[in-house]
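**Q** Output the structure for:
(2 chains)
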Amino acid sequence: MDVGRHPKITLYAYSEVEKVEGQLGSFKVTIRKRARFVEESKCTGCGACADKCPTVISDDYNMGFADRKAIYRYFSQGIPSTYTIDTKVCRQFQEGKKCGICAKICQAKAINYEQTDQIIEIEVGAIITAVGYDLFDAFRIPEYGYGRIPNVITAMELERFLSASGPTHGHLYRPSDLKLKSEFAELEKKQQKLTKALERHEKKHGISSDEFFSKHQSGEMTGDEFADWAKQVKEFKDFAAEFEVKKHQVDSIGHASRLAFLQCVGSRDIRFNPHCSSFCCMHAIKEAIIAKEHDPHAHLYIFGMDIRAVGKGFEEYRNRGAKNVGINYIRTRVAEITQSKDKSPVIWYEDTLDRQVKSIEVDLVILATACEASQGSDKLANLLGIERDPSGFYRTTDDEPLDTSRPGIFTCGCAQGPKDIPESVAQASSAAARAAQVLLRQC
Amino acid sequence: MSRDVLVIGGGIAGIQASLDLAEMGFKTFMVERLPSIGGKMSQLDKTFPTNDCAL
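**A** Alright, predicted model coming up:
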């Protein structure tokens, strides 16, 4: 991306706007550049610090399905490539603990625990606010079971699963199976430990543990020196049964191939957001097509009130999804999701075309969560002195679709309202042109 | 009077607006809350309608 190296662009990442004064042509803006505790000018982005960092936490970028360290890069191709210390979890910053490993390991001497926030003041003629959106929290619809039923995920979580650089390297497994796999990995470690302990005894006494155990039970080799060994053999035998059951379960894990996409989760729902989030229909079709590329045997269902394929080439894309990929579009609003014995989600719905209540069992449910005004966009609206519409997005008018309620401040992208990527890009170019036009007229 | 522009947000919209302004010759400042720019789009695997890589 060119933003990082364009001579006309100054990038303040990990920063927030604190104060805005003045008017069109001369806004005085105060920016707080938060301390990363890593010197931007020195960090080479090699990642040696993160390799050695002892603190492991769940990674937001991968929607919590992967781990990251306390010193981290938001994502691997991120710009700027400087690492950042998450002080909330870092041992060095938590009271009473001394760590300092990253500072020791860093060859560029870029770690600086004493770094402080920087206050930057700039003067600008115009401001464009493009703060984007947040996704609806699916916990708010308990009947869909998100968070309770492990194999109900969101569309953004599926993106990370489908990504070759994601937590499963592009392989699609049910989250419950991933959990099973990680539990089994722990059991394997325990098995190795137990086996090693037995081997030590076998080496010392020159007979196998099985032989020893049968002798032990028939009254031989019963002295104190054998008590430990006997205990360990017993533990191993008990453990082996549990291990075999889990192993069988893990061996039978296959890719998730029955996928159900649920549309309008939190949008077009008067309980939450009356607005349409606009991009989710096409997003679901896209994800279904990609899933089919990963697994040609996948069964795909899209449950929605209607498919809003409004845009050039969109309807054709929808039809291609049905014809070439085999997506089943089901007209309904899903009532509830339950869980079968093997942790497969079961979808309960009324098929509004033949007026029947039906249910279907699938491997994975993908919720198309709504596009909502981003967290903090209200605070920014107050700072900038601009109005918001009832959904929380920045208000514009039909006559001036890029102008906020304050002259000299413009908006574009999902900060203005839900829209897809091509529309965001087009509106961003328009906002840039609008800002240029106003500035050239002013000064 | 200043002809510089501040763009708040480093997602796809903010990036596009900044690049356009910079190409037109306006000095542009971009402020992003997270450690890296890219926004939600950087999290997407591939994008509609061409199914090309998002990054």
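**Q** tell me what the top helix by length along chain A is packed against?
**A** Counting by DSSP state H, the longest helix found in chain A is helix A:175-205. For helix A:175-205, the contact count by 3 or more CB pairs under 8 Å, 6 or more residues apart in numbering or on different chains; DSSP states H and E identifies helix A:209-217, helix A:224-251 as packing neighbours. Glycine gets a C-beta too; all of them are placed from N, C-alpha and C.
**Q** Give me the average confidence score over the shortest one.
**A** When pLDDT is averaged along helix A:209-217, the result is 88.
**Q** Repeat that for the last one.
**A** Model confidence over helix A:224-251, given as mean pLDDT, is 89.
**Q** Could you do stretch A:142-152 as well?
**A** 97.
**Q** What are the buried residues along that stretch?
**A** Judged by neighbour count using 16 or more other CB atoms under 10 Å in any protein chain shown, the buried positions of stretch A:142-152 are A:144-146, A:149-152.
**Q** mind putting those residues in a markdown table, distance to chain B and secondary structure included?
**A** Shown next, in a markdown table, are the buried residues of stretch A:142-152 (distance: CB to the nearest CB, whole Å; DSSP: H, G, I helix; E, B strand; the rest coil):
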| residue | distance to chain B | secondary structure |
| --- | --- | --- |
| A:Tyr144 | 22 | helix |
| A:Gly145 | 23 | coil |
| A:Tyr146 | 18 | strand |
| A:Ile149 | 23 | strand |
| A:Pro150 | 21 | coil |
| A:Asn151 | 19 | coil |
| A:Val152 | 19 | strand |
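**Q** Reformat the residues you listed as JSON lines; add distance to A:Gly132.
**A** JSON lines is the format used below for the buried residues of stretch A:142-152 (distance: CB to CB, whole Å):
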{"residue": "A:Tyr144", "distance to A:Gly132": "24"}
{"residue": "A:Gly145", "distance to A:Gly132": "28"}
{"residue": "A:Tyr146", "distance to A:Gly132": "22"}
{"residue": "A:Ile149", "distance to A:Gly132": "29"}
{"residue": "A:Pro150", "distance to A:Gly132": "29"}
{"residue": "A:Asn151", "distance to A:Gly132": "29"}
{"residue": "A:Val152", "distance to A:Gly132": "25"}
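**Q** so how far is chain B from the most centrally placed residue in chain A?
**A** With distances taken as CA atoms, centre = their mean, chain A has A:Met63 as the residue nearest its mean C-alpha position (1.9 Å). In this structure, A:Met63 and chain B are 8 Å apart, going by CB to the nearest CB, to the nearest Å.
**Q** Next: A:Glu225.
**A** Using CB to the nearest CB, we find A:Glu225 at a distance of 58 Å from chain B.
**Q** List the contacts of that residue.
**A** Residues counted as contacts of A:Glu225 (CB atoms under 8 Å, 6 or more residues apart in numbering or on different chains): none.
**Q** Mind doing that once more with 10 Å?
**A** Contact analysis of A:Glu225 by CB atoms under 10 Å, 6 or more residues apart in numbering or on different chains lists A:201, A:204-205.
**Q** Put together CSV for the residues you listed, with pLDDT on each row.
**A** Listed next are the contacts of A:Glu225 as CSV, based on pLDDT from 0 to 100:
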residue, pLDDT
A:His201, 89
A:Lys204, 87
A:His205, 86
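**Q** Show the buried residues in those.
**A** Buried among those by 16+ other CB under 10 Å: A:His201.
**Q** Any regions of chain B where pLDDT drops low?
**A** For chain B, applying pLDDT under 70 flags the ranges B:48-55.
**Q** oh sorry, the question was meant for chain A
**A** Along chain A, segments meeting pLDDT under 70 span A:1-2, A:96, A:443.
**Q** care to break it down by domain?
**A** Domain ranges of chain A: A:135-171+A:255-372, A:177-251, per automatic domain parsing.
**Q** any chance of these in JSON lines, with distance to A:Ser424 too?
**A** Below are the domains of chain A laid out as JSON lines (distance: least, CB to CB, whole Å):
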{"stretch": "domain A:135-171+A:255-372", "distance to A:Ser424": "9"}
{"stretch": "domain A:177-251", "distance to A:Ser424": "32"}
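**Q** Point to the residue nearest the middle of chain B.
**A** B:Ile15 (1.2 Å).
**Q** Who are the contact partners of that one?
**A** Shown in contact with B:Ile15 (CB under 10 Å, 6+ apart): A:1-3, A:9, A:79, A:130, A:413, A:424-425, A:428, B:7, B:9, B:30, B:32, B:37-39, B:41.
**Q** swap the cut-off to 8 Å and go again
**A** If you count contacts by CB under 8 Å, 6+ apart, B:Ile15 has them with A:1, A:3, A:428, B:30, B:37-39.
**Q** which ones among those are found in helices?
**A** Using DSSP H to define helices, the subset of these located there is A:Ala428.
**Q** Please identify which of the contacts of B:Ile15 is nearest to A:Gln356.
**A** Distance ranking of these against A:Gln356, using CB to CB, places B:Gly39 first at 42.5 Å.
**Q** Tell me where chain B has helices.
**A** With DSSP H as the criterion, chain B has helices spanning B:12-24.
**Q** go on, chain A?
**A** Under the criterion DSSP H, chain A contains helices at A:48-52, A:101-105, A:155-162, A:175-205, A:209-217, A:224-251, A:280-294, A:314-323, A:377-384, A:421-442.
**Q** who are the neighbours in contact with A:Leu178?
**A** When contacts are taken as CB under 8 Å, 6+ apart, A:Leu178 is in contact with A:65, A:168.
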